[in-house]
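> sharing a model that was predicted from the sequence below.
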Amino acid sequence: MTEFFTLLPPAEALQRLLERLPGTLPPESVPTAAALGRVLAAGIDSPADLPAFPRSSMDGYAVRARDTFGATPSLPTYLKVAGEIRMGSVPAISLQPAHATLIHTGGMLPENADAVVKVENTQPSRENEIEILKAAAVGENVLKVGEDVTRGTEILPSGLRLRPQDLGALMALGITHIEVARRPSVALIATGDEVMPPEAATGPGQVRDINSYTLSGLVASVGGLPKRYGIVPDDLASLKNTAEKALRECDVLAISAGSSASVRDITEQVLHSLGAPGVLLHGVAIKPGKPTILAVANGKPAFGLPGNPVSAMVIARILLLPTLHFLQGALALDATKVSAHLTRNVASAAGREDHVPVRILHRDGETLAEPVFGKSNLIFTLVRSDGSVTVPLNSNGLSQGEIVDVRLY
């Protein structure tokens, strides 16, 4: 068993955990249309040029650029109109000198055309003839073959978490099925004789389960599959049986509460009994969330999270979510950050990393970060905040007016 509160900074604690994991989860094939938020298991090369044909990016007239040279509003060039390009079909004509064809956005250029004059730079002169009021350069208002992407080039890297635009790009190339990492399943267990289901009426000394639901949301937000195993009383045998079942059925285990120094806190004993190597550390140099437990049981990561809702969420963001990224082989994902001026002093103790919730304000053209102070068991501290500011490990705090990075939730 580990010695309680042999503290490591959060980054070192995470590294110690990840080094003991066997690697990413196996891939699976899924329809591209259903792959939003999934992580690519392998890079994808383009099977074709895109666009596959030269096409107009404007409504106007397809021309030979040389036929428009010198055209101005006061001295226009006159071109004969040789019909209209039908959308979705190959032009049946080859453009002759001093001729133009009406073309719409996305239409395929006819043979010999190398530019498109925007319709607003033309005007009719007589039947089947237009005036060109502005010269067009070669390639103007034309999307060339392969201008978006060329055949054989990597279009999406391995480890990318797919966004809506990525799905559209794959569909544009006819890629309707892809290999992605399997979604990690995460078992969530709440503990405590005082913890009740949300639908229950609470009596004196009782509280409703918060962590099972905040953690479910966090897990789902990074592509994980949360599975709640309910509330287990403060009983070693009951928690051990539930934890063993949960870890058999899932890829990751997270137990909330029961990780501090109390005699009744049994989470460390349970996690250490689940499989080798067992508990890796108990205690992280962070506030809130100091009494965190990290373990690995037969290749599966397991977490003992604090029972206080704020602490549980802070630790989950810093340690659990990066572990889920790792299991999916996801590229490093930088949290969205904004710079802001701190509105108040924030005190801290050297030797720990403090995460302080803040509210973003905009005043007199400045972005401000206003600390939201509250105890770690008050969930509405987080509800009222937009993100958090990190006080570095060896700092005594931050000063009012200091420019800080706010990590948005």
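That came through, no problem.

> after the helix or strand of the chain with the lowest mean pLDDT comes which helix or strand?
Every helix and strand in the chain was compared by mean pLDDT, DSSP states H and E; the lowest is helix 380-383, with a mean of 82. Heading C-terminal from helix 380-383, the first helix or strand you meet, by DSSP states H and E, is strand 387-391.

> what is the next helix or strand after that next one packed up against?
Remark: after strand 387-391, the chain's next helix or strand is strand 397-398, criterion DSSP H and E. Here strand 397-398 touches strand 346-347, strand 387-391, going by 3 or more CB pairs under 8 Å, 6 or more residues apart in numbering; DSSP states H and E. Quick note: C-beta positions are derived from backbone N, CA and C, even for glycine.

> just name the most buried of those.
Across these, averaging neighbours per residue (mean count of other CB atoms under 10 Å) puts strand 387-391 on top, at a mean of 21.

> just the CA coordinates for that strand, please, in CSV.
Only the C-alpha atoms of strand 387-391 are listed here, as CSV (Å, rounded to 0.1, in the frame of the first residue of the first chain):
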residue,chain,number,x,y,z
GLY,A,387,-13.7,28.5,-16.2
SER,A,388,-10.7,28.3,-13.9
VAL,A,389,-7.4,30.0,-13.3
THR,A,390,-4.4,27.9,-12.2
VAL,A,391,-2.1,29.2,-9.5
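
> show me where the stretch 1-150 of the chain has helices.
Along the stretch 1-150 of the chain, counting by DSSP state H, counting those that start in this stretch, helices occupy 10-18.

> and what of the stretch 301-409 of the chain?
309-315, 321-327, 380-383.

> tell me the mean pLDDT over the first one?
The average pLDDT for helix 309-315 rounds to 94.

> sorry, back to before: ok, which of the helices and strands packed on strand 397-398 comes nearest residue 304?
Shortest distance between residue 304 and those, using CB to CB, is found for strand 387-391: 21.7 Å.

> quick one: work out the angle between the closest one and helix 10-18.
Orientation check (axes from the mean of the first three to the mean of the last three CA atoms, to 10 degrees): strand 387-391 against helix 10-18 gives 100 degrees.

> what does the pLDDT read for the residue lying closest to residue 347 once chain neighbours are set aside?
Computed as CB to CB, 6 or more residues apart in numbering, the closest residue to residue 347 that is not its neighbour in sequence is residue 397, at 4.4 Å. Each residue has a pLDDT score; the one for residue 397 is 93.

> which parts of the protein belong to which domain?
Under the assignment automatic domain parsing, the domains of the chain span 10-26+182-327, 28-50+150-181, 55-143, 337-408.

> ok, longest helix in the protein?
Identified as the longest helix of the chain according to DSSP state H is helix 236-249.
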